[in-house]
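Colleague: here's my sequence, what's the structure:
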Amino acid sequence: MWKFYLIIISNTLNIKTTQVAERLGLDTSIFKTVNFMSAQKIGSVSIGLINENITIVSDELALEFLETDAKQAELDLVKLFPGSKITVLVANPTVNLYGFSLIENGKRIRVKSGADDDVYIDFGKPVSYELQLSAEKIFSDEELQEITEENGKDGLQRILDNERGVRTTLHLEEMLLGKGEMVSNITLTNYPNKK
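Modeller: Below you'll find the model as predicted:
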């Protein structure tokens with residue numbers, strides 16, 4: 001698993017990426033072109049088109065969507081894209097962090113995030129892929145026994161819940177962007193400064 005902080009907007013109705021940058025309060029007079037992989041490491045906001053979806057790479061902005069209440073960036077994007085689907089995906093294996101947020105027609109449908117065996121937020125009904133994972137055997141019988149012995153039954157449930165969250169995040173990322181090598185050289189526009 002690789003590190004990513006993404007906001008992916010489908011059905012964008014001819015809105016330009018510069019309009020998104022302006023709505024987010026970025027200085028559009030100063031910018032540079034970066035590839036997708038570099039954008040993950042820069043720390044500022046990068047915006048581009050991937051598979052006809054407006055894609056924003058920003059750890060700060062993506063993490064705002066995983067809060068209990070909507071923050072300004074979410075409100076701004078929902079206002080700019082009222083009939084769109086906004087998918088936010090976060091994965092950072094260094095700290096075992098995962099998260100996803102699904103917004104359709106301006107409303108939060110599902111938000112889930114966690115790290116290690118803690119779930120930080122679990123809002124909305126599980127999506128179909130999560131339900132599919134609930135029915136599948138994620139760990140072998142030996143692994144389940146070992147996890148239960150080390151963590152108890154409640155700990156096992158937390159670990160299973162987080163594993164489903166991680167796998168759902170990765171599934172959504174691959175579904176929307178394709179395989180990592182497919183997008184690694186796509187270029188985005190990086191806006192290093194806010195207005």
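Colleague: would you mind giving both backbone torsions of Ile8?
Modeller: phi -120, psi 130 (degrees, to the nearest 10).
Colleague: now swap in Ser184 and tell me
Modeller: Dihedral angles (degrees, to the nearest 10) for Ser184: phi -60, psi -30.
Colleague: which residue is the nearest non-sequential neighbour of it?
Modeller: The shortest distance from Ser184 to any non-neighbouring residue, by CB to CB, 6 or more residues apart in numbering, is to Met37 (4.9 Å). Just so you know, the C-beta spots here come from the backbone N, C-alpha and C atoms, and that holds for glycine as well.
Colleague: the one you found against Ile186, yeah?
Modeller: No. Met37 lies out of contact with Ile186 (CB atoms under 8 Å); the separation is 9.2 Å.
Colleague: three-state assignment of the residue sitting furthest away from the middle of the chain?
Modeller: Going by CA atoms, centre = their mean, the residue of the chain most distant from its centre is Glu149, 32.6 Å out. Glu149 carries the three-state label helix when classified by DSSP: H, G, I helix; E, B strand; the rest coil.
Colleague: need the helices for this protein, in chain order.
Modeller: Counting by DSSP state H, one finds helices in the chain at the ranges 17-23, 36-42, 59-64, 72-80, 128-135, 141-177, 180-183.
Colleague: thinking again about what came up before, so what's the residue count around the residue nearest to Ser184?
Modeller: 17 (other CB atoms under 10 Å).
Colleague: with Glu146 instead?
Modeller: 13.
Colleague: same check, this time on the one 4 residues further on
Modeller: Here the count is done by other CB under 10 Å, and Glu150 has 10 residues near it.
Colleague: how close does it sit to Ile159?
Modeller: 10 Å (CB to CB, to the nearest Å).
Colleague: name the residue closest to the centre of the protein, please.
Modeller: Leu89 (0.7 Å).
Colleague: my read is that it contacts Lys3, right?
Modeller: No. Using CB under 8 Å, Leu89 makes no contact with Lys3, being 11.2 Å away.
Colleague: distance between stretch 145-161 and the chain's centre?
Modeller: Averaged C-alpha coordinates place stretch 145-161 at 26 Å from its chain's average position (CA atoms, centre = their mean, to the nearest Å).
Colleague: how close does Ala91 get to Ile50?
Modeller: From Ala91 to Ile50 the distance is 16 Å (CB to CB).
Colleague: look up how far Gly155 lies from the residue farthest from the centre of the chain.
Modeller: 10 Å.
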